[in-house]
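Visitor: predicted model and sequence follow; I will ask about them next.
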Amino acid sequence: MEKPADSKQMLFDGEDGYDAVVVGSGYGGSVSACRLSMAGVKVCLVEKGRKWESKDFPTDSFKIMSAMRTESQNLGISFGPKDALFQVFEQNDSLAAVACGLGGGSLVNAGVMLPTPVRTRRNSKWPNEWEWDWDSCEASAATMMRIQSVPIQFPIAKIMREIDVGEVEEMVQDLMKLSMNFDIEESPSGLLKHQNLDICISCGNCLAGCPYNAKNSTDKNYLASAIQEYSL
């Protein structure tokens, strides 16, 4: 990833510039940056947050509070470090909670992957051309994120069983996969070396970042691929 010494010196014309600028490094930004790089486009990725290592993620309530920033335009106040992992913004009647770091929201979720329901795919609002590539695109994402079936029960499983969602719960359990490493399935061929992950121990800390390097967040796949193989 190219990082100018001074962002004010970035030029966007001639050989010193970029062909495209991608803002944000979550699922949308990382995929866009990767695909553009694959096409030979010179990409500048802009991310507010820092690179988070597994050892940096908070593992208890106190550390989570220390990794949070709140900004309220209504009250004119803000507190918490500017590069905090969790950031909450309030403006007028809107409240937004986002992740701040290289990898964006993929850092602080469980990487839940579900196939798109047929009913959703048949919605007339989607471009007709999308139907032709839907399966291949889902398969590509599944391979890149190295999604795996869940062979273990997380600590919250008991709570989830108490929520009566009937057939929906059964369907989700059958189809749900996570971009976590459970070490039960062989890695697809062609994966880059940076995707060597440790094994998930079902600690349930997914939503605060994986402290055991078992989550395949986008900084470990799409962004790493763009940096290693292409022109990000």
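Guide: Received the coordinates, thanks.
Visitor: what helix or strand is residue 89 located in?
Guide: strand 86-91 (DSSP states H and E).
Visitor: quick one: strands adjacent to that strand?
Guide: Based on DSSP bridges, the pairing partners of strand 86-91 within the sheet are strand 68-72 (parallel), strand 94-99 (antiparallel).
Visitor: and the first one, what's buried?
Guide: In other words, strand 68-72. By neighbour count, and taking 16 or more other Cβ atoms under 10 Å as the criterion, the buried residues in strand 68-72 are 68-71. Any C-beta I mention is one placed from the backbone N, CA and C, and that applies to glycine too.
Visitor: can you name the next helix or strand after that strand?
Guide: Following strand 68-72 in sequence order, the next helix or strand is strand 77-79 (DSSP H and E).
Visitor: where do the strands sit along this protein?
Guide: For the chain, the strands defined by DSSP state E cover 20-23, 43-46, 68-72, 77-79, 86-91, 94-99, 112-113, 148-149, 177-178.
Visitor: pull the CA atoms of stretch 141-155 into PDB?
Guide: These are the backbone C-alpha positions of stretch 141-155, laid out as PDB (Å, rounded to 0.1, in the frame of the first residue of the first chain):
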ATOM      1  CA  ALA A 141     -16.300 -14.100  -1.800                       C
ATOM      2  CA  ALA A 142     -16.600 -17.400   0.100                       C
ATOM      3  CA  THR A 143     -13.200 -18.500  -1.100                       C
ATOM      4  CA  MET A 144     -11.500 -15.200  -0.300                       C
ATOM      5  CA  MET A 145     -13.100 -15.000   3.100                       C
ATOM      6  CA  ARG A 146     -12.500 -18.800   3.600                       C
ATOM      7  CA  ILE A 147     -15.900 -19.300   5.200                       C
ATOM      8  CA  GLN A 148     -16.300 -22.500   7.300                       C
ATOM      9  CA  SER A 149     -19.200 -24.400   8.900                       C
ATOM     10  CA  VAL A 150     -19.500 -23.900  12.700                       C
ATOM     11  CA  PRO A 151     -18.500 -27.100  14.500                       C
ATOM     12  CA  ILE A 152     -18.700 -25.800  18.000                       C
ATOM     13  CA  GLN A 153     -21.100 -24.000  20.300                       C
ATOM     14  CA  PHE A 154     -20.200 -20.400  21.400                       C
ATOM     15  CA  PRO A 155     -21.000 -19.300  24.900                       C
END
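Visitor: centroid residue for this protein?
Guide: In the chain, the centroid-proximal residue (Cα atoms, centre = their mean) is residue 106; its distance is 2.1 Å.
Visitor: residue 23 is in contact with residue 29, isn't it?
Guide: Yes. Applying Cβ atoms under 8 Å, one finds residue 23 in contact with residue 29, separated by 6.6 Å.
Visitor: the two: who's more crowded?
Guide: Set residue 23 next to residue 29 and count neighbours by other Cβ atoms under 10 Å: residue 29 wins out with 20 against 12.
Visitor: pLDDT score assigned to the more buried one?
Guide: Residue 29 carries a pLDDT value of 96.
Visitor: ok, back up a step: could you dump the strands paired with strand 86-91 into CSV and include distance to residue 226?
Guide: As requested, the strands paired with strand 86-91 are exported to CSV (distance: least, Cβ to Cβ, whole Å):
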stretch, distance to residue 226
strand 68-72, 28
strand 94-99, 20
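Visitor: these: which one's closest to residue 182?
Guide: Ranking those by proximity to residue 182 (Cβ to Cβ) places strand 94-99 first, at 23.2 Å.
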